[in-house]
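> what's the 3D shape of this:
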Amino acid sequence: VQLQASGGGLVQPGGSLRLSCAASGFTLDDYAIGWFRQAPGKEREGVSCISSSDESTYFTDSVKGRFTISRDNAKNTVYLQMNNLKPEDTAVYYCAAAGHCGLLRYEYDYWGQGTLVTVSS
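Residues are numbered from 1 along each chain as shown. All right, here's what the predicted structure looks like:
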């Protein structure tokens with residue numbers, strides 16, 4: 001079971017990025033997929049998740065209205081579209097898989113490596 005996060009980079013405030021989480025070794029739509037982020041010196045926090053059953057989505061308050069999450073089961077990939085990025089969004093972003101959607105780290109069984117997002121002018 002492997003998850004591969006990609007799509008990070010340097011973007012100016014107000015810009016957009018799309019992160020991808022690709023799965024190998026299992027079928028992604030059997031799992032809820034979450035995105036987490038960890039800024040330097042801070043705890044890893046849940047950002048968003050999408051359920052496996054009805055594709056319900058959840059977001060932490062700080063990204064509501066700016067981020068969207070979606071899945072493409074044919075590509076075995078989940079996307080995190082991030083718009084109107086702010087400097088405080090700067091962090092390493094991780095995707096993870098769990099049986100149920102949630103924004104708490106302990107709920108997730110499988111983790112990908114992170115991808116760095118830097119929002120700066």
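
> Confirm for me that Asn84 is in contact with Gly14.
Yes: Asn84 is in contact with Gly14 according to Cβ atoms under 8 Å; the separation is 5.9 Å. C-betas here are computed from N, CA, C, even on glycine.

> what's the helix or strand for the most centrally placed residue in the chain?
Central residue of the chain (Cα atoms, centre = their mean): Trp35, 2.6 Å from the mean position. With elements taken from DSSP states H and E, the one containing Trp35 is strand 32-38.

> Partner strands of that strand and their direction?
strand 45-50 (antiparallel), strand 91-98 (antiparallel) (DSSP bridges).

> hmm, back to that, beta partners of the residue nearest to the centre of the chain?
For Trp35, the beta-bridge partners under DSSP bridges are Ser48, Cys95.

> I'd like the distance from the strand holding Trp35 to the chain centre, please.
Its chain's average C-alpha position is 4 Å from that of strand 32-38, according to Cα atoms, centre = their mean, to the nearest Å.

> One more: stretch 22-39?
The answer for stretch 22-39 is 8 Å, by Cα atoms, centre = their mean.

> Just the terminal-to-terminal distance for it.
Terminal residues of stretch 22-39 lie 22 Å apart, using Cα to Cα, to the nearest Å.

> Next, the buried residues of that stretch.
Ala22, Ala23, Leu28, Asp29, Tyr31, Ala32, Ile33, Gly34, Trp35, Phe36, Arg37 (16 or more other Cβ atoms under 10 Å).

> likewise stretch 46-59?
Gly46, Val47, Ser48, Cys49, Ile50, Ser51, Ser52, Tyr58, Phe59.

> Looking at those residues, which is nearest Tyr79?
Distance to Tyr79 across the buried residues of stretch 46-59 (Cβ to Cβ) is lowest for Ile50, with 9.4 Å.
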